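Undergrad: sequence? don't have it. structure:
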C-alpha cells in the first residue's frame, strides 16, 4: 500500500512539473518575442540585418556551387557515415553502461586511462507514437 501511495505521489509531482515546464516555456516564448520585436524595430539593426541577408545569400550561392564538386560530395558522405557510426556506438555504450550500473549498483567506472568516470542516467518524457 505504501508503494501505491508513493507511485501516486510521484505521478502528481511529475504532472506538476510538466505543468510548470509548460508555463515556463510559454513565458519564455513571450519574452523572446518581445525581445525580438524590440530589436527588429530598431532602424540601425534593420539596415544591418538587410546587409547581412544579402551577404548570406551570396555565401549560400557559392556554397551550393562547392557542394556539387565530387570531392566535396565524397567528404559529405564520409561525414554522414561516420556520424551515423558514432551515434550507434554511443547508443550501444549507453545500453552497456545502464546494464553495468544495474548489475554492479555503481555509478562509477574506471576508464581505459585509469580515470574515474561517473555514469549519468537521464530520463525524459516524449510523446508515444501510436
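TA: Okay, I see it. What you see is a predicted model; the values in this text were computed from it and never measured.
Undergrad: Pull out the buried residues from the longest helix seen in the chain.
TA: Among the segments of the chain that qualify as a helix by DSSP state H, the longest is helix 2-40. Within helix 2-40, no residue qualifies as buried by neighbour count (16 or more other C-beta atoms under 10 Å). Backbone N, C-alpha and C define where each C-beta goes, glycine included.
Undergrad: Now do that helix, average pLDDT.
TA: Along helix 2-40, the predicted local confidence has a mean pLDDT of 94.
Undergrad: Remind me what that helix packs against, helices and strands.
TA: Contacting helix 2-40 under the criterion 3 or more C-beta pairs under 8 Å, 6 or more residues apart in numbering; DSSP states H and E are the following elements: helix 43-66.
Undergrad: Following element in sequence after the helix it packs on, please.
TA: Remark: after helix 43-66, the chain's next helix or strand is helix 70-104, criterion DSSP states H and E.
Undergrad: Direction included, what does the helix or strand following that following helix pair against?
TA: Counting by DSSP H and E, the element after helix 70-104 in chain order, helix or strand, is strand 108-110. According to DSSP bridges, the neighbouring strands of strand 108-110, each with its direction, are strand 116-118 (antiparallel).
Undergrad: how far out from the middle of the chain is the longest helix of the chain?
TA: Between the centre of helix 2-40 and the centre of its chain there are 18 Å (C-alpha atoms, centre = their mean, to the nearest Å).
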